[in-house]
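Chemist: let me see the structure of the following:
(chains A, B and C)
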Amino acid sequence: MFDWRWDFTWDILPRLIVATGNTLLAAGLGYAIAVVLGLAFALAQRTPYRAVTVVVREAVEFVRSTPLVLQIFFVFYVGPQFGLRLSPWTAGMIAIGLHYAAYLSEVYRGGLESVPKGQWEAATSLNLSTARTYFRVIIPQALPPSLAGMGNYLVGILKDTPMLSVIGVAELMHTANAIGSETYRFLEPYTLVGIIFLLISLPTATGIRLFEAWMRRKLGMI
Amino acid sequence: MNSQDMSGFPLELQGETVPMVSFRKVTKSYGNLVVMDSLDLDIAEGEMVTIIGPSGSGKTTVLRMLMTLETINGGVIYVDGKPLTHMPDGNGLVHANDRYLRRMRSKIGMCFQHFNLFPHMTALENCMEGPVHVLGLSKKEARERSEELLAMVGMADKRNQHPSRLSGGQQQRVAIARAMAMRPKVMLFDEVTSALDPEVIGEVTNVIRKLVAEHHLTMLMVTHQMGFAKDISDRVCFFYGGRIEEQGAPEELFGNPRRERTQQFLSAVKEAI
Amino acid sequence: MSYLEFLGQYGDRILSGTVVTVVLTVLAALLAVAIALAAGLMRLAPNALVRGVATVYIEIFRGTSLLVQLYWIFFVLPLFGITFEKFTAGFVAVGMNLGAYGAELVRGAILSVPRGQWEAALALNMSPAKRMWRVILPQAVLIMLPSWGNLLIEMLKGTALVALIAVTDLMFQVKQINGTTFQSAEAFGTALIIYYILARFMLTPFMRWLERFMQRRLGRA
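Modeler: Model prediction:
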């Protein structure tokens, strides 16, 4: 291909592979935060306290409709203004975790609402506790319809990790930028980053589809 | 609701024959729509009472209130002599809290029109869920009890199937076993045959007949199967507009209805057949 | 400096940045709709090669990050003799990225038009192009409009990334202001609120209006 230098490619590949580890770590940590926090947001919107419901609903809406990159800057820079210094990793994980928690809470909400009312009534008639009803009856049924959305956002968070480069998290994009400014070559690092993302996200998407099908079978709900 | 005068309602029912279920001036409304208008209804221990009536007459609401799926706006429901919707607080009754409700609910079991089996659990797991996690039975005991009941409803061979693999009639029979596994004193059947194909209705009604014959249960049933209601019930209540329009022994109510609305309803139903 | 003083001093820059963001979003949206329609229809083409081209495009743009695509278009394409001015590179990257997602919406919506409609159009002996254009697409548009609402919000948010190649949009302006004043809460907070207002009180109502408008036109209201 035009001007592609293989020797340079082999030189920078190890650095990019190391950075890929950081990208996966960032995506994994961010997703773990989002999965848990998102559930809290979704359940908070089902409490009988109207004030809680409205506040959480609006906060989720706010986070969902503003750019992640701006939120990352906000979390990273606003702390020091008030004497709280966050490391790039901490700020990045808070921002990306919160952003995707907002998305996931919508996925969970849809899943929870898809469980028929009769299931709640059957649980009441058997006198199951609220916790037991959620964890044994409702959530197992809310999960399969949520899986597709959860999977999409897993791939989504992975693809959004390059934004963490703006505050200096040493993931793939940050490393490619560094290589570019050291060597004035952009073709190889940026192209390799694109290929690495494809190599991760395409199999992940396929894996998620297979997992979803397996889960449905396992729960006997084909 | 809080301003309601509770002075006419005793903390506990006493006397020689305390009814198993007692509705006292029970009112239920959604906004301006009154669906239950000061209902008074006593059901004796071991009695089988059937509720019939046109749709929208409030007959299903009676069962749902008793299962605490609906809150009531006035009056008190007693079960086994104790208030269900309310609890004693000092010398008066106050609205029952969750803990009290959970204790009282254990006396009642219910089967639904659409079965409401848990789709991700097998027939056996559906039956064991309550005994293990609410009654605190060991898995072994719960399994024995559930298998016995599944055998009673003729579903022993399908115990490891998920509901999606079962026909409507089979699902409803599992649902009956599931409710019975909680050893309730009162069983509620809410149009349990309405969602079934005609040819499998018999397998469900036969199970209910068997329950009546073999268990000393108090039962309250809403149904459209007039013939079934006639041969199985001790008493039939005809509901109209949120009230009991007429009630009596089945031979009497079906054979010689006194009220005009009852006559109209029964002749309309007869025509439909 | 009070917040009002802050706004007095930097309001002009924030406003001009907002205008750039809105223009970018509109241009990116137009491009995305055109690409989505083309790639979505190509995905349903009988010719395997045509389908393949669309699939590769969609998978590449959905499988990698918008930021990677933006950098690639801005820094790498010039090496192949294709040079975009940064503003153009910005909306082209956003438009092509969201166009790939839109293509899947188009495909899904066309497939979910009931079979009977295809058969009825066939029975009237309509040409395939007429069938698609006169019968299927209008119904598909109605099906996919709600999802496009979400996509447009993603588009608006996506434009914030062009600040990283120095397009002077809202994000870029507040980043500069933050760099000179260190009033991060005011600078970034103001931008967050503006993005929120644009998404919630302009884009969303516009899409609702568009849905109602299309429903009326198709006699569904």
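Chemist: got the phi and psi for B:V79?
Modeler: phi -130, psi 130 (degrees, to the nearest 10).
Chemist: for it, grab the count of nearby residues.
Modeler: 22 (other CB atoms under 10 Å in any protein chain shown). From N, CA and C alone the C-beta is placed, and that goes for glycine too.
Chemist: what's the helix or strand hosting A:L98 packed up against?
Modeler: In the assignment (DSSP states H and E), A:L98 maps to helix A:88-114. With contacts taken as 3 or more CB pairs under 8 Å, 6 or more residues apart in numbering or on different chains; DSSP states H and E, helix A:88-114 sits against helix A:6-44, helix A:50-64, helix A:68-81, helix A:139-160.
Chemist: please work out which of those helices is packed deepest.
Modeler: When you average the neighbours per residue for each of the helices and strands packed on helix A:88-114 (mean count of other CB atoms under 10 Å in any protein chain shown), helix A:68-81 leads with a mean of 21.
Chemist: and it, C-alpha only, in CSV?
Modeler: Taking Å, rounded to 0.1, in the frame of the first residue of the first chain, the C-alpha atoms of helix A:68-81 are listed here in CSV:
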residue,chain,number,x,y,z
LEU,A,68,-19.0,12.0,26.9
VAL,A,69,-15.8,13.8,26.0
LEU,A,70,-17.2,16.9,27.6
GLN,A,71,-18.1,15.0,30.7
ILE,A,72,-14.6,13.5,30.9
PHE,A,73,-13.1,17.1,30.8
PHE,A,74,-15.7,18.2,33.4
VAL,A,75,-14.9,15.5,35.9
PHE,A,76,-11.2,15.8,35.4
TYR,A,77,-10.9,19.6,35.6
VAL,A,78,-13.7,20.6,38.0
GLY,A,79,-12.2,18.6,40.9
PRO,A,80,-8.9,20.6,41.1
GLN,A,81,-10.9,23.9,41.0
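Chemist: if we can go back for a sec, of all the helices and strands packed on helix A:88-114, which one is nearest chain B?
Modeler: Judged by CB to the nearest CB, the one of the helices and strands packed on helix A:88-114 that comes nearest to chain B is helix A:139-160, at 4.9 Å.
Chemist: how far away is the residue lying farthest from the centre of chain A from B:V192?
Modeler: The centre of chain A is farthest from one residue, A:S125, which by CA atoms, centre = their mean lies 37.6 Å away. According to CB to CB, to the nearest Å, A:S125 and B:V192 sit 13 Å apart.
Chemist: could you point out the helix or strand that follows the helix holding A:L98?
Modeler: helix A:117-125.
Chemist: flag every buried residue along that next one.
Modeler: Applying a neighbour-count criterion of 16 or more other CB atoms under 10 Å in any protein chain shown, one finds A:Q119, A:W120, A:E121, A:A122, A:A123, A:T124, A:S125 buried in helix A:117-125.
Chemist: could you dump those to TSV with distance to C:I60?
Modeler: TSV is the format used below for the buried residues of helix A:117-125 (distance: CB to CB, whole Å):
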residue	distance to C:I60
A:Q119	42
A:W120	45
A:E121	49
A:A122	48
A:A123	47
A:T124	51
A:S125	53
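Chemist: in CSV: these, plus pLDDT and distance to chain B.
Modeler: Formatted as CSV, the buried residues of helix A:117-125 follow (pLDDT from 0 to 100; distance: CB to the nearest CB, whole Å):
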residue, pLDDT, distance to chain B
A:Q119, 96, 6
A:W120, 96, 9
A:E121, 96, 5
A:A122, 96, 4
A:A123, 96, 8
A:T124, 95, 6
A:S125, 95, 4
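Chemist: how about CSV for those, with distance to chain C added?
Modeler: Output for the buried residues of helix A:117-125, formatted as CSV (distance: CB to the nearest CB, whole Å):
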residue, distance to chain C
A:Q119, 27
A:W120, 28
A:E121, 31
A:A122, 33
A:A123, 32
A:T124, 34
A:S125, 37
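Chemist: how about those residues, which pair is most distant?
Modeler: Pairwise distances across those (CB to CB) peak at 10.8 Å, for the pair A:Q119 and A:S125.
Chemist: where are the low-confidence patches of the chain?
Modeler: Since no chain was named, I'll use chain A. A:1-2, A:219-222 (pLDDT under 70).
Chemist: think we crossed wires, I meant chain B
Modeler: Using pLDDT under 70, chain B drops low at B:1-4, B:272-273.
Chemist: residue of it closest to chain A, please.
Modeler: Closest approach between chain B and chain A, counting by CB to the nearest CB: B:H162, at 3.2 Å.
Chemist: residues contacting whatever residue of chain C ends up closest to chain B?
Modeler: Ranked by CB to the nearest CB, the top residue of chain C for proximity to chain B is C:S112, at 24.7 Å. Contacts for C:S112 (CB atoms under 8 Å, 6 or more residues apart in numbering or on different chains) come out as C:A140, C:I143.
Chemist: and for B:G241?
Modeler: B:D37, B:S57, B:G58.
Chemist: of those, which is the nearest to A:G194?
Modeler: Using CB to CB, B:G58 is the member of these that sits closest to A:G194, with 65.5 Å.
Chemist: quick one: stretch C:56-64 near chain A?
Modeler: Yes. With CB under 8 Å from any CB of the partner chain as the criterion, chain A is reached by stretch C:56-64 at C:E59, C:I60, C:G63, C:T64.
Chemist: and the residue most central in space within chain B, what element?
Modeler: Nearest to the geometric centre of chain B sits B:L188, at 1.7 Å (CA atoms, centre = their mean). For B:L188, the element it lies in under DSSP H and E is strand B:186-190.
Chemist: show me what that strand is packed up against.
Modeler: By 3+ CB pairs under 8 Å, 6+ apart, strand B:186-190 packs against helix B:59-66, strand B:108-111, strand B:218-222.
Chemist: and that strand, how far from the chain's centre?
Modeler: Averaging C-alpha positions (CA atoms, centre = their mean, to the nearest Å) puts strand B:186-190 2 Å from its chain's average.
Chemist: counting contacts, what elements does the helix or strand that that strand is followed by pack onto?
Modeler: On the C-terminal side of strand B:186-190, the closest following helix or strand by DSSP H and E is helix B:201-214. Counting contacts by 3+ CB pairs under 8 Å, 6+ apart, helix B:201-214 is packed against helix B:168-180, strand B:218-222, helix B:226-232.
Chemist: now do the buried residues in helix B:201-214.
Modeler: In helix B:201-214, counting by 16+ other CB under 10 Å, buried: B:I201, B:E203, B:V204, B:T205, B:V207, B:I208, B:L211, B:V212.
Chemist: again with stretch B:56-63
Modeler: Buried-residue list, stretch B:56-63, by 16+ other CB under 10 Å: B:S57, B:G58, B:K59, B:T60, B:T61, B:V62, B:L63.
Chemist: now do it: distance to the chain's middle.
Modeler: Going by CA atoms, centre = their mean, the spacing between the C-alpha centre of stretch B:56-63 and its chain's C-alpha centre is 11 Å.
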